[in-house]
Structure formats: C-alpha cells, structure tokens
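Participant: Based on what follows, work out the 3D shape:
(chains A and B)
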Amino acid sequence: MPIKSAFISVHLRLINMNSLRLLPRRIFAFVARDFRLFVSYRMQFFLRIISVLAVVTTFFFISKIFAGFTDPRFSQWRDPLASWLTGLAVLNYFMTGFSSLANSIRQEQMQGTLESVLLTPINLPTIIVASSAWDFLETTFFSFLYLFFGWVFFGVQYRGNFFLAVVFLLLTTVVLACLGILSASFAMVFKRGDPFGIFLGAGSALFSGVFFPTQLLKMYAGPKLGSISSILPTTHGLDGIRQVLIEGHGLAEVTKPLLILLAFLIVLLPFSLWVFARAVRRAKREGSLVQY
Amino acid sequence: MSAISIRNLSKTYPVPFQRLRAFFRRPAKAAVEALRDVSFEVETGEIFGLIGRNGAGKTTLTKIVATLVQPTTGSVAVHGHDSVEQDELVRREIGLATAEERSFYWRLTSEQNLLFFARLHGLSARETKQRISDLFARLELEEVAKRRFGELSTGNKQRLAVARSMLASPPVLLLDEPTRSLDPLAAARMRDMIRSLAEQDPPVTIFLTSHNLAEVETLCRRVAIISRGRIRAIDTPRKLRDLTSESELVHITVAGGEKVSFTRQHNDDLLDEKIRELQDRGARIIDIETERATLLDVLERYEAADER
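Facilitator: This is a model prediction of the structure:
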C-alpha cells in the first residue's frame, strides 16, 4: 500500500508540473474562445465604448460644480474628475476580479458546457485562472478607456509611480478574485442568489470611496458605519492607487494599505480555494454540475 | 489489466439541504438510489454495451466513469486509476460523447469548438490542426467545419460530439447513444468506425450505452443489462438471448408458396433434417427465416421480474 501511495503521489506531482507547463496554452484556449464569442456580438462592443465616453463626459460636467474645491482634508479630491475616473476604472477592474469566475461558472452551467470543460484533464486552479482571463483583458481595456478619455478630452493629469499603481491594482484584484472564488462556490452549490455579490457590489460603491471621500462617511454616518469602509479591500486598494497616481506618493508612504491587502490575500487565498474544491466535490456528489 | 474496473459501486443522489429542510419542517424528499452494488470489468479493446430503460442508471454509471459524478460507495478505475482520487489521470484516458446538444458553444463554429477543447486537452497547435482535420474527414464533417454549431443538423451535432470525444485519442471511449440522431447510412458508417477503433492497434475500449438493441447486438462483444440501478446480467448477446429461450422458430419457404414452420433448439440437427427432407421431396427452398429471442425479450424479462 505505501508503494502505491508513493506511486500516486509521484504521478500527481508530474501532473501538476504538466498542468503548469500547459497553463499558457489553456489560458489562451479560454481567451480565444471568449474573444470569438465577444466579436460575435460586435454592436455591444461599440455601444460600451460610447457609454464609457458618456459617463466620463457626465462626470466632467459634475466636476465643474466643484471647481475651486480645496479642502486640505481631502487631498485626493482636489481634482474630483481625476478621483472619479480612477475610482470608476479601478472599481470596474475590482468587480471583474470579484465576479468573473462566478459569472463564467454560471454561464457554463446555463449553456450546459460546464461538464464538457470539466471532462478535459484540467485542474481547478487552471479553470479558475483561465476562465477569468478574457474578462480581465476586456476590463483592462475599458478601465484604461476611462482614464484615456479623461486625459484626451478633459485634460486630466496622472502622475506618480505607475508601476506601484499596477502593483496595487493587481494585489487588490487578486484579493477580490478570492472573494470571487467564494462567490463562484456559492453559485456552484446554490445555483443562484449570491450574497457576496450584493454585499461587495453595493458595498464597494458606497463604502470604498469610489465617488466621495471615505472620511465623509465617518463625519455624517458616525464612526460605526464609517468603519465599514476599512474592512473592504477595495477601500485600501483604491486609497493606495489614488495616493500613487493623484498625490504622487512613493512606496514608503503607501506601506499601510499594501500590508493590509497582503493580509487579506494570505487569509483569503487558501480559504477560497479550499471552499471551491469542496463546492465542486459537492456538486459532483449531488450530480448537479449542469443544473442551474 | 482491465480498461474499466467497477467494484461494488452504489450511488444515491442526496437530497440537497436535507438538514435545512428538516429544520424548517419542509416535507422531506426521498433520496434517489441510482446504482446498487454494481460490479464488472471491461477488457482492453472490448466493445461493451450497457442497456436498460430510461432511468435505469446508465447515465449515472457513465458519468461516474467519466469523473463527473462521485460514487456514494464502491470504486471505478480506468486503467488502474481511481476515478475519485486520480480524476485528472482518468480524464486523460477517456473521451465521452453524449447526445446532449447543449454541451457545445452554439455561436462558435464546429472547428472553433473542437479547437477550444483540443487546447484544453493540451494538444499543440500542429497536433490540433492535424487531429481536427483527420476527425472531420473520418466523421464526414468537412462541409460543416466553418458553420456555427447552432446551425448544424442534429445528426451533425451528434457526430461532432463523437469527434470531440476522440480529440486526444483516448484509449477508452464512452459513447452514449452514438447513432441516435443519425440517418441509417450515417449510423452504419458510425458503427463501422466504432468497430475499427476497437480493432486498431493499440485498440480503443468502447463503453456503449444505447436504446438501439439491434445495434448493441451487432457491435458488442458483451452486454450488461441494468434495471433499477442493478446489473441483472452480463454476457455475450447470444448467451443473453439464450437466457430467455434456447429455442427458435424456423420458417422455410419453398417454391410454389409452401411454408414449413417448426421449433428447434440451438444446437440440435432439426434444421438439417428438415432441409434434407424437403430436398428429398424435390422441393426448391427459396427462403429460410428464424425468429429467436432478442435482447428486447431479455430486457423485458428482467423488467417484468423487477415489477413483480
């Protein structure tokens, strides 16, 4: 028996190495598939570009109401348009990290293709990474578009260490992706009704400082309600990115949000993978992989 | 080593959230017992048939072998790999073709669909191109390669499902009613292909479920009859037929319209004697027909026994 276990363990290790080697090919498979499905609805692509431009223009005019606003407590909001646009672009990205996997699992369940994908010799981490890849590419494009339209049409200036901003963006997205894995696990077992989505979707817009400074929450809603913002990873991600891009801060000044995000990651990553593996096992036990 | 080894396999679909239902005093549903203590082996290169009525447990058994459903007790091994502990290894060894149309991306073409699944199997760009081209030629799908899956006829969708199951050249193929939507000519060609796969070197093991009993009878070396989750019999089609009746009714028609009918046992000399008798009388035999028990009779016998 120990010989058999050793044999299985060596075999599984080889599979993992092989899976790692094949990971780029498999990610490419999902990206190519999703790109083809995406271009089969061409009109939707152009309508989204127009809607981003409309949103940026609307926020430009709203920002004019606040012309000359220079409260020193809200240093990130001296140029409200820049704050809103970074907020929208980054929120867009974060929400993709959060919702992409759950959406993709749900879509595959509804299409009936989930079983076909799970029949191929790919492991769960590969499915998690690969099935979200296209969404991230698409969101990168549209998030960039918010910033690009702001810069080209309305003269918004960004400064600071772009590399550090990308680090914040990636870190927060991975943390949200962990919550997304929990959300996908929920979709896998309960098929619908995802409480994480409702909490994070509405919660992030209200409590994370996307549209207004989080300090205002504490001032007007009291310290208890105001402290909700500090338990949301989006608050720290957005704060870090704005500190870098709008205030021009360097690494030494943004260590606090960086460490908080790392703590979120260390707790959530193993936990979410464990929950997802259990959810898949449960769906296989119930024979409900294709039900929706 | 057997290609597929199934030992004491049982599957009961649990009632989702049973404890929660009990807590809220909602009426409890009964758990569905889909398979009960199923055991058998399929040899390498064998075409093995599984027949039974709808809901008998065929799909559950196939999905457990394919690692899509987990057994409640017992085990399934494919070429020695356990379907639960080594599911990824098992998936390298098998290809599954079902008659389920929803398992493809309807807005992608046939070729794009196969391309996606080939990449998931880890095939290189060159291998993928070659393999897809071979499979399209073998299954006569070249004309629909560039057409969206949603635009294909039901028969072509089914052939594409078989093509997908063969993408990575797996040594074990699980085919669920592979000719259900095919026209008679296409069905015959599909059967020829299945036969040739089992005869090639190295041979492909075929695990076939079908409601077409004549097809099972002509294709399969051995057949298992499943009824209400239990395997009731496993043997060659001929021996299964003999379980119902060892006799057959023979009708001999001679020129002029005379018809001689008699019942004979499978291994007796009665047929020789009757032919000799007719020839001695100077009669010219123009047709011999036999009526023997079919797999349908065997299936009906077990179903009737289960209902009693």
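
Participant: Nearest residue to the middle of chain A?
Facilitator: Residue closest to the mean C-alpha point of chain A, counted by Cα atoms, centre = their mean, is A:Gly97 at 2.1 Å.

Participant: In contact with that residue, which residues are there?
Facilitator: A:132, A:136, A:172-177, A:180 (Cβ atoms under 8 Å, 6 or more residues apart in numbering or on different chains). No exception for glycine: its C-beta is placed from N, CA and C like everyone else's.

Participant: What score does it have for pLDDT?
Facilitator: Note on A:Gly97: pLDDT of 75.

Participant: isn't A:Leu37 right up against B:Leu108?
Facilitator: Yes - between A:Leu37 and B:Leu108 a contact is recorded at 6.8 Å, counting by Cβ atoms under 8 Å.

Participant: higher neighbour count, those two?
Facilitator: Between A:Leu37 and B:Leu108, counted using other Cβ atoms under 10 Å in any protein chain shown, the more crowded position is B:Leu108 (20 against 16).

Participant: Of all the residues in chain B, which one is nearest chain A?
Facilitator: Closest approach of chain B to chain A (Cβ to the nearest Cβ) occurs at B:Arg102, with a separation of 2.8 Å.

Participant: which residues touch the closest residue to B:Ala66 other than its chain neighbours?
Facilitator: Nearest non-adjacent residue to B:Ala66, counting by Cβ to Cβ, 6 or more residues apart in numbering or on different chains: B:Leu96, 4.7 Å away. Taking Cβ under 8 Å, 6+ apart as the criterion, B:Leu96 is in contact with A:119, B:62, B:66, B:165, B:173-174, B:176.

Participant: re the thing from before, in a helix, the residue of chain B closest to chain A, correct?
Facilitator: Yes - looking at B:Arg102 with DSSP: H, G, I helix; E, B strand; the rest coil, it is inside a helix.

Participant: Help me confirm that it comes into contact with A:Gln109.
Facilitator: No - using Cβ under 8 Å, B:Arg102 is not in contact with A:Gln109, being 10.3 Å away.

Participant: Of the two, which one has the most company?
Facilitator: A:Gln109 (21 against 13).

Participant: Which element, helix or strand, includes A:Leu88?
Facilitator: Assigned by DSSP states H and E, A:Leu88 belongs to helix A:80-111.

Participant: From the structure, what's the count of residues near A:Arg25?
Facilitator: Residues lying near A:Arg25 (other Cβ under 10 Å) number 18.

Participant: my bad, should have said B:Glu46
Facilitator: Per other Cβ under 10 Å, the neighbour tally for B:Glu46 reads 20.

Participant: Could you tell me how far the closest residue to chain B within chain A is located from B:Tyr13?
Facilitator: Residue nearest to chain B within chain A (Cβ to the nearest Cβ): A:Gly112, separated by 2.8 Å. According to Cβ to Cβ, to the nearest Å, A:Gly112 stands 19 Å off from B:Tyr13.

Participant: Over to A:Ile228?
Facilitator: Taking Cβ to Cβ, one finds A:Ile228 at 41 Å from B:Tyr13.

Participant: Could you do B:Arg241 as well?
Facilitator: B:Arg241 sits 33 Å away from B:Tyr13, going by Cβ to Cβ.
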